[in-house]
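J.: My questions are about this predicted structure, shown below with the sequence.
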Amino acid sequence: MKSEKIIKDLTIASGVAGLIINGLEQWTKIQNGEQEKFDFVQFLGTGVKGAAIGFGVSVTIIGISSLFSPEELDEEDFDEIEYLEGVLASYKLDSVDQATMKKGFSIKNKIYNTFKGMLLGKPKFQGSIPQGTALSGISDLDILIKFKKNSFSSLEEMYLTTLNYFKENFQDSSLIEVRPQRRSIGLIFNILGEQVCIDVVPARRTNFKKGGNDYNLYENPSGLFGKPSRVKMNPHKQAYFGAQEKAKANVVSLLKVLKVKEEMPLKPVLIKELILAAFSSHNGRIPQEINKRVVLSLEYIRDNIEHKRVVSPDNSNNVLSDSLTRNEKRRVANTLDSIILDIKEFPSNLKYYFPQREDL
């Protein structure tokens, strides 16, 4: 909480308390015949005195606390760049993640051996792993299965065939559950004592064009009266970062940490597209320091989240920004505004908003 807010709140609270106490005292005296009428001058004067006392107390408290504030004591020695790089390092893949990756390779091989005549190449990891934004303990592992255009007569058949394979024919002693999801199939494993989800995404090519990369996903119906549908996707466009790929990926990773810390309703794909837009809007003026890139990105999202139309890079009909309600967008903007003020006032507040994995 800011010093100004503390002073303001305590001053107002003390002034109101003074008014209430004096008002009750005068009312009691009038009821008991000790006072003929209500003295408004005395009433207001007590409020002013109470506010003055509150102001003095708040200033004193802040003055004393600043002498012992670890944030202020550490401010001169705090290295923002070193800290944020340490945050990224703390989310590198651990033993569970490595075992999950090994499991993923095994799943890809089994899928290929089962469906290879129907596939366009071997199944691949997609999402945060190839994009370089995977965070240990936060990111899931996604596997994309690319089926040929003529592999199935319908997308529903493709999805159900893949789902039934994992339910009936896939053998793995660590598999706990197979669950249908909106556009994917969730495989829940017990890996080194932890429950881990690996998402398998079946996709069918949209045409026979050689070198084409457009695919359709089957989307399960949502709600009681929902209908199944299809969603177009292009894995190459989804993974594209453009110039300064590593710099953008690092900022995306840090904002995913912030999203979890502040429980913001931002999907990873929306975060990525907003970061790309932030860098594009400052083309030629992107700072070299990672801390400044983070602030630049936060300011861009704060200023644009409520009105900018953000679409998926591979499907203009998929409006990513529509995944948030108006109130959610307002809450994100307000949250980011407070965060920006905090880290500009005391850079060491980065420790709170971007905790290292062991502190999350």
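T.: That came in fine, so what should we check first? Numbers count the residues shown, from 1 in each chain.

J.: E219 pairs with what?
T.: S229 (DSSP bridges).

J.: For the stretch 101-250 of the chain, which segments count as strands?
T.: Remark: strands assigned in the stretch 101-250 of the chain by DSSP state E, counting those that start in this stretch are 124-126, 141-147, 175-180, 185-191, 194-205, 215-219, 229-233.

J.: who touches the shortest one?
T.: By Cβ atoms under 8 Å, 6 or more residues apart in numbering, the list of residues contacting strand 124-126 from outside reads 104, 108, 130, 141-144, 146, 201, 235, 238-239. All C-beta atoms are positioned from the backbone trio N, CA, C, and that covers glycine.

J.: Repeat the analysis, applying 10 Å as the threshold.
T.: 101, 104-105, 108, 130-131, 134, 141-146, 198-199, 201, 203, 233, 235, 238-239 (Cβ atoms under 10 Å, 6 or more residues apart in numbering).

J.: Might you report the residue contacts of the residue nearest to L120 when sequence neighbours are not counted?
T.: Once flanking residues are discounted, L120 sits nearest to K146: 4.4 Å by Cβ to Cβ, 6 or more residues apart in numbering. By Cβ under 10 Å, 6+ apart, the contact set of K146 is 118-124, 126, 201-205, 213, 215, 235.

J.: which one in the residues you listed is the model shakiest on?
T.: Least confident of the contacts of K146 in the model: N213, at 91.

J.: quick one: it and P235 touch, right?
T.: Yes. Taking Cβ atoms under 10 Å as the definition, N213 is a contact partner of P235 at 6.5 Å.

J.: Overlap of the contact sets of these two?
T.: Common neighbours of N213 and P235 (Cβ under 10 Å, 6+ apart) are 146, 314.

J.: who's more crowded, those two?
T.: P235 (19 against 16; other Cβ atoms under 10 Å).

J.: Please work out how many residues are found near the closest residue to the more buried one other than its chain neighbours.
T.: Distance criterion Cβ to Cβ, 6+ apart; nearest residue to P235, sequence neighbours excluded, is Q126 at 5.6 Å. Q126 is flanked by 20 other residues according to other Cβ under 10 Å.

J.: Tell me the bridge partners for Q126.
T.: D142.

J.: Could you look up the SS state of the closest residue to E262 other than its chain neighbours?
T.: Nearest residue to E262, sequence neighbours excluded (Cβ to Cβ, 6+ apart): T335, at 5.7 Å. The local conformation at T335, judged by DSSP: H, G, I helix; E, B strand; the rest coil, is helix.

J.: circling back to that earlier point, farthest-separated two in the contacts of K146?
T.: Using Cβ to Cβ, the contacts of K146 span at most 18.6 Å, a distance reached by M118 and Q126.

J.: what about the helices in this protein?
T.: 3-31, 40-68, 70-75, 80-90, 95-115, 128-131, 155-164, 235-239, 245-262, 268-281, 290-304, 326-345, 350-353 (DSSP state H).
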